[in-house]
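**Q** please find the sequence and the predicted model below.
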Amino acid sequence: MGHSERIRVGIVGAGGIAPPHVKAWLTLGAEVLLLRRGGAAELAAAHGLEVIDDLDGLLDRVDLVDILSPTATHAGIARAAITRGRHVVCEKPLAMTAAEAAGIAEAAAAAGVRLFPAHVVRYFGDYARMKDQADAGTVGDLVELKFQRTVAAPAAGWFYEADAGGGLIRDLMIHDLDQARWLAGPVVEVSARQDAGATPPLTAEVVLTHASGAVSRVSAGWLAPGTPFRSAAEITGTRAILRADTSAPVSAPADPYLAQLVDFAEALASGGPARVLPEDGVAAVALVDAALASLAAGAPARVGAG
């Protein structure tokens, strides 16, 4: 599709992540329609958008579906969109299991439509700069990576249910599991530890052993109400140490949600790759699968593909 054509986007999901997506698409000049779900009426009123009653009706009207609904619903909605020849942007995690995520990626490829897993942290300036420096070799060989992500615990119950959100590792830590793999390459072994309780405060720690020999230590927490969001990273290489910390921004941060959707829209227009590929979305879920397997076994778990 040419740059001149206005892309028509159907948004499924009206939770906390929806407003930045809606604003970014509108900034890009897209026509935005919402599927009727809890919160959609308020979101539509705030932005002057049309609400469509059912998924089929939405798919009739759009070029691309942006899936922001609870995790357990991602695969079904993505497959419905792909079957209708619609492109898909899907909030992380792509699906509940790596096998399910791989199935979506394969279906998109077979149908000739684009699938963009929304791993927004790749578009945070500090993290993108670390990736550029690591790729340029200025850090040397990566030895140890540390990631930390903490936020006030989500209110919605589905986040905590193993068969809906899948908890802290699948929903929150997946950002840093993706970052670790993006920076230090494929992972061969995962060891996980998590608080025994099912309600906040909850913390988890996961250690990734990369094929290169580098080790990533990843921690995440859903903490008390009012806890400010913080995401931090420290990358130690043989030649330098790099750090990023959202609680101490050096410059005014650009909107990463906008940067992400600009990248996706450009990739769609050009046919070229986006910064995050379908296989990245699948590999991130494979790391979650391995972490959950390690938790269940009380021992390190090997990782499947990626």
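**A** Good, I have the coordinates.
**Q** hmm, who's touching the biggest strand by length in the chain?
**A** Longest among the strand segments of the chain by residue count, using DSSP state E, is strand 142-152. Outside strand 142-152, the residues that touch it by C-beta atoms under 8 Å, 6 or more residues apart in numbering are 134, 172-173, 175-176, 179-180, 183-184, 210, 212, 214-238. Backbone N, C-alpha and C define where each C-beta goes, glycine included.
**Q** pretty sure residue 8 is touching residue 29, no?
**A** No - judged on C-beta atoms under 8 Å, residue 8 makes no contact with residue 29 at a distance of 11.1 Å.
**Q** tell me which of the two has more neighbours.
**A** Each of residue 8 and residue 29 had its neighbours counted (other C-beta atoms under 10 Å), and the higher figure belongs to residue 8 (15 against 9).
**Q** from the chain's centroid, how far away is the longest helix seen in the chain?
**A** In the chain, assigned by DSSP state H, the helix with the most residues is helix 278-297. On the basis of C-alpha atoms, centre = their mean, to the nearest Å, helix 278-297 is displaced by 13 Å from the centre of the chain it belongs to.
**Q** how about that helix: buried residues?
**A** For helix 278-297, the buried set under the neighbour-count rule, 16 or more other C-beta atoms under 10 Å, comprises 278-295.
**Q** report all helices and strands that it contacts.
**A** For helix 278-297, the contact count by 3 or more C-beta pairs under 8 Å, 6 or more residues apart in numbering; DSSP states H and E identifies helix 98-111, strand 115-118, helix 174-184, strand 187-194, strand 202-210, strand 301-302 as packing neighbours.
**Q** let's see 6 Å
**A** helix 98-111, helix 174-184, strand 187-194, strand 301-302 (3 or more C-beta pairs under 6 Å, 6 or more residues apart in numbering; DSSP states H and E).
**Q** what angle sits between that helix and strand 187-194?
**A** An angle of 50 degrees separates the directions of helix 278-297 and strand 187-194 when computed by axes from the mean of the first three to the mean of the last three C-alpha atoms, to 10 degrees.
**Q** what's residue 267 sitting at in phi/psi?
**A** Note on residue 267: backbone dihedrals following degrees, to the nearest 10 are phi -60, psi -40.
**Q** wait, doesn't it sit right on residue 274?
**A** Yes - Residue 267 is within contact range of residue 274, at 4.0 Å (criterion: C-beta atoms under 6 Å).
**Q** which one's more surrounded, the two?
**A** Set side by side, residue 267 and residue 274 show unequal neighbour counts under other C-beta under 10 Å, the larger going to residue 274 at 21 against 18.
**Q** need the contact list for that one.
**A** Taking C-beta atoms under 6 Å, 6 or more residues apart in numbering as the definition of contact, the neighbours of residue 274 are 116, 263, 264, 267.
**Q** so what's the residue count around the third one?
**A** Residues lying near residue 264 (other C-beta under 10 Å) number 24.
**Q** that one and residue 205, how far apart?
**A** Between residue 264 and residue 205 the distance is 32 Å, computed by C-beta to C-beta, to the nearest Å.
**Q** break this protein down into its structural domains.
**A** Per automatic domain parsing, the structural domains of the chain span 8-118+257-275, 122-255+285-302.
**Q** mind putting those into TSV with mean pLDDT?
**A** Shown next, in TSV, are those (pLDDT from 0 to 100):
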stretch	mean pLDDT
domain 8-118+257-275	97
domain 122-255+285-302	93
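**Q** if I look at residue 120, how far off is residue 89?
**A** Relative to residue 89, residue 120 is positioned 11 Å away (C-beta to C-beta).
**Q** repeat that for residue 283.
**A** Residue 283 sits 18 Å away from residue 89 when distances are taken as C-beta to C-beta.
**Q** what sits up against the one helix or strand residue 75 maps to?
**A** Assessed by DSSP states H and E, residue 75 sits inside helix 74-83. When contacts are taken as C-beta under 6 Å, 6+ apart, the neighbours of helix 74-83 outside the stretch itself are 12, 55, 65, 67, 88, 90, 95, 100, 104, 107-108, 111, 113.
**Q** cheers, nothing more for now.
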